[in-house]
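> predicted structure and sequence below. I'll ask about it afterward.
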4 protein chains.
Amino acid sequence: MSMNTFGHLFRVTTWGESHGPALGATVDGVPPGVRVDAEALQHWLDRRKPGTSKYTTQRQEPDAVEILSGTFEGQSTGTPIQLMIRNTDQRSKDYGDIVEKFRPGHADITYWQKYGIRDYRGGGRSSARETAARVAAGGIARAALAQLAPEVEIQGYMTQIGPHGITGPRDMAEIENNPFWVPSAETAAQWASYLDGLRKSGNSVGAIIEVVARNVPAGLGAPIYAKLDTDLAAAMMSINAVKGVEIGEGMAAAMLTGEENADEIFMGNDGKPAFSSNHAGGILGGISTGQDIVVRFAVKPTSSILKTRQTITKSGQPTEIITKGRHDPCVGIRAVPVGEAMMACVVLDHLLLHRGQIGAGTRGKIA
Amino acid sequence: MSMNTFGHLFRVTTWGESHGPALGATVDGVPPGVRVDAEALQHWLDRRKPGTSKYTTQRQEPDAVEILSGTFEGQSTGTPIQLMIRNTDQRSKDYGDIVEKFRPGHADITYWQKYGIRDYRGGGRSSARETAARVAAGGIARAALAQLAPEVEIQGYMTQIGPHGITGPRDMAEIENNPFWVPSAETAAQWASYLDGLRKSGNSVGAIIEVVARNVPAGLGAPIYAKLDTDLAAAMMSINAVKGVEIGEGMAAAMLTGEENADEIFMGNDGKPAFSSNHAGGILGGISTGQDIVVRFAVKPTSSILKTRQTITKSGQPTEIITKGRHDPCVGIRAVPVGEAMMACVVLDHLLLHRGQIGAGTRGKIA
Amino acid sequence: MSMNTFGHLFRVTTWGESHGPALGATVDGVPPGVRVDAEALQHWLDRRKPGTSKYTTQRQEPDAVEILSGTFEGQSTGTPIQLMIRNTDQRSKDYGDIVEKFRPGHADITYWQKYGIRDYRGGGRSSARETAARVAAGGIARAALAQLAPEVEIQGYMTQIGPHGITGPRDMAEIENNPFWVPSAETAAQWASYLDGLRKSGNSVGAIIEVVARNVPAGLGAPIYAKLDTDLAAAMMSINAVKGVEIGEGMAAAMLTGEENADEIFMGNDGKPAFSSNHAGGILGGISTGQDIVVRFAVKPTSSILKTRQTITKSGQPTEIITKGRHDPCVGIRAVPVGEAMMACVVLDHLLLHRGQIGAGTRGKIA
Amino acid sequence: MSMNTFGHLFRVTTWGESHGPALGATVDGVPPGVRVDAEALQHWLDRRKPGTSKYTTQRQEPDAVEILSGTFEGQSTGTPIQLMIRNTDQRSKDYGDIVEKFRPGHADITYWQKYGIRDYRGGGRSSARETAARVAAGGIARAALAQLAPEVEIQGYMTQIGPHGITGPRDMAEIENNPFWVPSAETAAQWASYLDGLRKSGNSVGAIIEVVARNVPAGLGAPIYAKLDTDLAAAMMSINAVKGVEIGEGMAAAMLTGEENADEIFMGNDGKPAFSSNHAGGILGGISTGQDIVVRFAVKPTSSILKTRQTITKSGQPTEIITKGRHDPCVGIRAVPVGEAMMACVVLDHLLLHRGQIGAGTRGKIA
């Protein structure tokens, strides 16, 4: 039973509420000898941190991570690594309407219906702040991958915001140059303009994020319920506000014929199998092919908006609510590093799992 | 580590290959006192059975299920229920090309790369035949739900086949009247015509299936990685050939504004919270709201087609392959009962889990 | 949640009742390429089979195992192996008293209290017949060990029966020469005489079984709750009628001083660490040292005896019961192969786990 | 895979090393609405705290617990509770011999062999200090039991120290009156004298601890591998230095005949089944009978003693070691509250599990 845990051998349990003393991740199954330091983890946390552009919430949270266990002289020892991020401003204050009213689109009402008690401060456990712990854990996964499979590269970026996709050709070099992690300077400018208008009107919008893992060895994954794509779907769907997950061709696979969808196989120049296309998103039968692993997920628009909405109180009375505060006009933006972190965790987990699954090292070589 | 198992408390482990002696499901965590008989399970298996229309494979498999354990005098005892389906035709025969060549779009190459050994007969473990075991297990889940939460209804249907969606209004009464389980007689006729052409040309096509669970109690699900939507995404993505999963608005949520996406809340006539719309697909923060749970998934076109495709042999030589045989032109059709089965398993699992999670029965009542 | 499953990566789920159609084990996580055949498994099952001497039950059960999945051309494929043993005589008959009365020392009353339904025929799920499935699964584990770590030897034997321990020195060569698997011909003769008397009087007696695993590599096990000794304790305590488990010195460790208990360390002639003694039973901090792994467990006397005992009926009425039938006077005898099977499963599981846990292969070499 | 986690629904993951910044427990699956405060947890931690008598280590560790998440206004919310205990003195200092030499009886050598890296400071992860986290988690379990099953009482005490058992009749009222938690004032005096001598000679000794859970409802536990006794055996064996675990009659069951061992059944005055004796230790077929649950475990003598012992260095050179420092002459003493904590966790876990397992509430009533 793993209510707040994911992973098979590399197991991450996140804990903490947005306005409690702290939040963090208990990371078990880290191989020994991985170089881990707080500064390297901080690099990834800073990408997710709010307030880095006008397109994310203007709250100031340093999100400084502390390593409480599991390392010795800068290396993992094979024991659980505890990562803690103190909430810097968790003092009691006036939470106004949300104490008594349920915000539409939030988990307020379902937590109440399930538990009969709820930490309403900033969404409590259901706050997107929980994803800071995932990003920290993902930093551990990246550090382990850097040693065990240094060729693996993981990169996330946005491909859609509201009605706007990417204009013109993709230029991956542009991803780090704009606040949307979109691989197109031209598109970034268009999105900036679109989002400015939306933000001023107090509205919000959804987005699509794509995460790619390159150079993942063939053979990761397992039939039938620990498939690589099954675990990726679960990992991404578990992120706040995600409503859809696609592998490779995704939902559009429904529109294709078998002739169009077949990724034909030939031998690459490197002596490994290669494919004429990648409709499969790098996964066949739940197992990696060696091609790029391609995952996409859709994030719904931020539910906290400056628009009056109908709702009810805890006692069932009809009322209205406007969610004031400093909210992200598009939470999808900050979901990019979160998606990357989940990808890193899943790939590392299956890399470790693969080594435990395989027998006498006689795995199938082609040619 | 649950490579061939899914579920938390209601745990299903499927086993078996398409051409081995048998396949089945080991179902653990069935509450005691559930009326279970082979005939009732057979009802669900017959829906998935091949050869029921010209739009599915013409193979003849009776798919007769045998209950080997876990029941006494027609009721579950709380111990594991073993469900076995004998493969009626698993004799050795000439498997032709597929012994040495990898079929594009199939798991042939990845199983080989991972394991170095592979049961090539009919796809072995990666065959869609595995889903017969899921449907049998889903029958157990349905039987348990019928006693523990008889108000729950689960229904699957197709909404898209290749380029064709549903024409005209949906008529749920039509679902059982056509071979596509599509809620529209007019659409069924159009699809029949389209699929006839496709089948004759030896091609195949993808599809989208929607599964709805009605009257699921509010409060099922759990933060953060055992969310109801996380488990549904994993369940559906684990089905053969599935490339995308959506909850509620799904990928289209990216296109909406927060104003459009908000499901406003009011009190229903039954004294329970109600909503102005269901963009959320019945799930907020991973927990059921009491609205319809709505899941969609896309199935890629059957990879076995009567078209010549480039591939390689086990020894890495370039070659061509045509996959002859009696294949489904659209495997999505038979995925409908499979999706229903997975929904039943997940809903039951979370119902049981919910009872274990909740404390002194003080769950939050509204009004 | 693994109610009927044990193991981390090598996962065994047993199913079935003593008088249902069949029982068996679903074995997941078997490495690919392991040579597996029904005859080899049968060898282990025959050791546990009843009726092989007058000191075990005189029932005749062939216990023939059938492999339903997971192998291809005599080798494991990495997919679940389903092992089924048909119950040859499960027809309905008169079960007499036990339908309405609870047999003291049996699980009759607790299954009833828990589930409110119970397969009373021969103990149902709580029958020691379930251990046939364990022995079959243990045969798979042994086959895998034979390829992955052929130096590992697993051997079980009895060390105590009622008041009688082993007389004289142990002679391991004698183990296979007597019906008690006791390493002493002289002791075997004494026990035979003792047990003859006990059997004739309709009484039964307990026993202690010791299982040793030799040449297990150092480094297997894991802190803190997946320790090798933790898993062995759970494995042995899960066997029917077991009431105590010991590692190395066991309960007697309480009587020792630190000076007496210290296994001093030196370098062996093989260049590996060696120890002056083995109070630890081959495990320190939950991890194997390379010494013999030594586990002991106590089996209580068979509860079914030809002696009148006070009990109650399902409706709470006081009554008496005598359990007639062909029962083992000492179930401990047939527990020897079961203990061996559990040891094989745990050692293999931790061997696989170890490979998944270890990082860059830099494990600590001494000298 | 739960290397540092135990429990099914109530899941405790401990983390931390003896000389790292902190250690603690991530407690998932706590039912909502449980009153939890740091002071109540501190009560249990203070029982385990060192330095409370001259018979435990003289180190001074306040072991103050901090609740970092999972509660709101003094009550659990159903989300993970993070419990942190800062190590007050973890500064780097001279660790002398143990950096290079392996201490006999400690996990030094096995951690090195497994991981190739080891936090040698105070034993690192293998230190008994880890049990502070268990005691804190056990405090949460006790708080939950106090609300869900207030009749349950859990009590641990020592029954043996080296060669000395309990003299005279047991007087449970004496348990809290002596440093050994032994139910006999006379015995406490004898043990004090014995241990004084041992302590002065720099030696140490083992012990046996018994833990009883009274008024546990009948029906907790589950076949076959999540049996109540299986989980208790694993829980106790996972405690540092434990070498044997017994349920009820334990190892001595081997010496009994079936006639002696049978706990006859009658109806108690309270209308529930009662038993003439409790050889079974309150568990039949892995399920609680309603009688006292009785578990015993043996703790080996402290391995750190002021006696010269032979050992080797990391490079395999023979050498000698004396482990100086302020060590417990009998670690068994401080294992009493740890055993209680594990019992509380297991009983709560099975209480929650039972509610999820049971069907329509039709559990078997007697009479």
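Yep, that arrived.

> going forward, measure contacts and count neighbours with C-alpha atoms only.
OK.

> the helices in the stretch 151-300 of chain A, which residues?
Assigned by DSSP state H, counting those that start in this stretch, the helices in the stretch 151-300 of chain A fall at A:185-200, A:228-237, A:258-261.

> which one of the ones you listed lies nearest to C:Val216?
Of all the helices of the stretch 151-300 of chain A, it is helix A:228-237 that lies closest to C:Val216, at 32.4 Å by C-alpha to C-alpha.

> next, the angle helix B:228-237 makes with the closest one.
Orientation check (axes from the mean of the first three to the mean of the last three C-alpha atoms, to 10 degrees): helix A:228-237 against helix B:228-237 gives 160 degrees.

> got a list of contacts for helix A:228-237?
A:6, A:220-222, A:242-247, A:283, A:286-288, A:295, A:297, A:339, A:342-343, A:346, A:350, B:225, B:229-231, B:233-235, B:237-238, B:245 (C-alpha atoms under 8 Å, 6 or more residues apart in numbering or on different chains).

> one more time with 7 Å
The contact list for helix A:228-237, computed with C-alpha atoms under 7 Å, 6 or more residues apart in numbering or on different chains, reads A:220-222, A:243-245, A:283, A:286-287, A:297, A:339, A:342-343, A:346, B:229-231, B:233-234, B:237-238.

> look through chain A and tell me its longest helix.
As assigned by DSSP state H, the longest helix anywhere in chain A is helix A:332-357.

> ok so, going back, which of the helices of the stretch 151-300 of chain A is buried the deepest?
Each of those was scored by mean neighbour count; the highest is helix A:228-237, a mean of 28, by mean count of other C-alpha atoms under 10 Å in any protein chain shown.

> that helix to helix A:332-357, inter-axis angle?
150 degrees.

> could you export helix A:228-237 as CSV, CA atoms only?
The C-alpha coordinates for helix A:228-237 follow below in CSV (Å, rounded to 0.1, in the frame of the first residue of the first chain):
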residue,chain,number,x,y,z
LEU,A,228,7.5,1.5,-18.6
ASP,A,229,4.5,3.4,-20.1
THR,A,230,2.2,2.3,-17.3
ASP,A,231,4.6,3.7,-14.7
LEU,A,232,5.1,6.9,-16.7
ALA,A,233,1.3,7.4,-17.1
ALA,A,234,0.9,7.0,-13.3
ALA,A,235,3.8,9.3,-12.6
MET,A,236,2.5,12.1,-14.8
MET,A,237,-1.1,11.7,-13.8
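
> now for chain A, the helix or strand with the poorest mean pLDDT.
Lowest on mean pLDDT, DSSP states H and E among the helices and strands of chain A sits helix A:38-48, with a mean of 90.

> contacts for it?
A:Asp63, A:Ala64, A:Val65, A:Glu66, A:Ile67, A:Ala132, A:Val135, A:Ala136, A:Gly139, A:Arg334, A:Pro337.

> what is the rounded mean pLDDT of whichever helix or strand comes after it?
Counting by DSSP states H and E, the next helix or strand C-terminal to helix A:38-48 is strand A:65-67. Averaged across strand A:65-67, pLDDT comes to 97.

> what's the local residue count around the spatially closest residue to A:Gly29 that is not a sequence neighbour?
Distance criterion C-alpha to C-alpha, 6 or more residues apart in numbering or on different chains; nearest residue to A:Gly29, sequence neighbours excluded, is A:Phe10 at 4.5 Å. The number of residues packed near A:Phe10 is 25, by other C-alpha atoms under 10 Å in any protein chain shown.

> for the stretch 251-367 of chain A, what lies in contact range of chain D?
Contact residues, the stretch 251-367 of chain A versus chain D (C-alpha under 7 Å from any C-alpha of the partner chain): none.

> where does pLDDT dip in the stretch 251-367 of chain A?
Along the stretch 251-367 of chain A, the parts satisfying pLDDT under 70 run over A:325-326, A:358-364, A:367.

> before we move on, the earlier item: so the residue nearest to A:Gly29 makes contact with A:Asp349?
Yes. Counting by C-alpha atoms under 7 Å, A:Phe10 does reach A:Asp349; the two are 4.9 Å apart.

> bridging residues for A:Thr71?
A:Ser76 (DSSP bridges).

> that one - how many residues pack around it?
Here the count is done by other C-alpha under 10 Å, and A:Thr71 has 27 residues near it.

> filter the contacts of helix A:228-237 to the buried ones?
Among these, those buried by neighbour count (16 or more other C-alpha atoms under 10 Å in any protein chain shown) are A:220-222, A:243-245, A:283, A:286-287, A:297, A:339, A:342-343, A:346, B:229-231, B:233-234, B:237-238.

> which stretches of the stretch 101-250 of chain A have low pLDDT?
Using pLDDT under 70, nothing in the stretch 101-250 of chain A is flagged.

> ok, A:Ala137 to A:Gly7 distance?
In this view, A:Ala137 and A:Gly7 are 12 Å apart by C-alpha to C-alpha, to the nearest Å.

> between the two, which has more neighbouring residues?
Neighbours per residue, other C-alpha under 10 Å: of A:Ala137 and A:Gly7, the larger number sits with A:Ala137, 30 against 24.

> tell me which residue in the stretch 1-150 of chain A sits closest to chain C.
Here the residue of the stretch 1-150 of chain A nearest chain C is A:Pro31; by C-alpha to the nearest C-alpha that distance is 4.4 Å.

> so that residue touches A:Gly78, yeah?
Yes. With contacts counted by C-alpha under 7 Å, A:Pro31 reaches A:Gly78, the gap being 5.2 Å.

> re the thing from before, near chain B, anything from the longest helix of chain A?
No. Under the criterion of C-alpha under 7 Å from any C-alpha, helix A:332-357 makes no contact with chain B; the nearest approach is 8.3 Å.

> which elements pack onto that helix?
helix A:38-48, helix A:130-148, strand A:153-161, strand A:207-214, helix A:228-237, helix C:332-357 (3 or more C-alpha pairs under 7 Å, 6 or more residues apart in numbering or on different chains; DSSP states H and E).

> centre of the chain to the second one, how far?
If you compare the mean C-alpha spot of helix A:130-148 with that of the full chain, they lie 11 Å apart, counting by C-alpha atoms, centre = their mean, to the nearest Å.

> pull out the buried residues from that helix.
Buried, per 16+ other C-alpha under 10 Å, within helix A:130-148: A:130-145, A:148.

> also the first one?
By 16+ other C-alpha under 10 Å, the buried positions in helix A:38-48 come out as A:Ala38, A:Leu41, A:Gln42, A:Trp44, A:Leu45, A:Asp46, A:Arg48.

> just to revisit the earlier point, mind checking the helices of the stretch 151-300 of chain A for the one nearest to C:Asp97?
Nearest of the helices of the stretch 151-300 of chain A (C-alpha to C-alpha): helix A:228-237, 50.9 Å.
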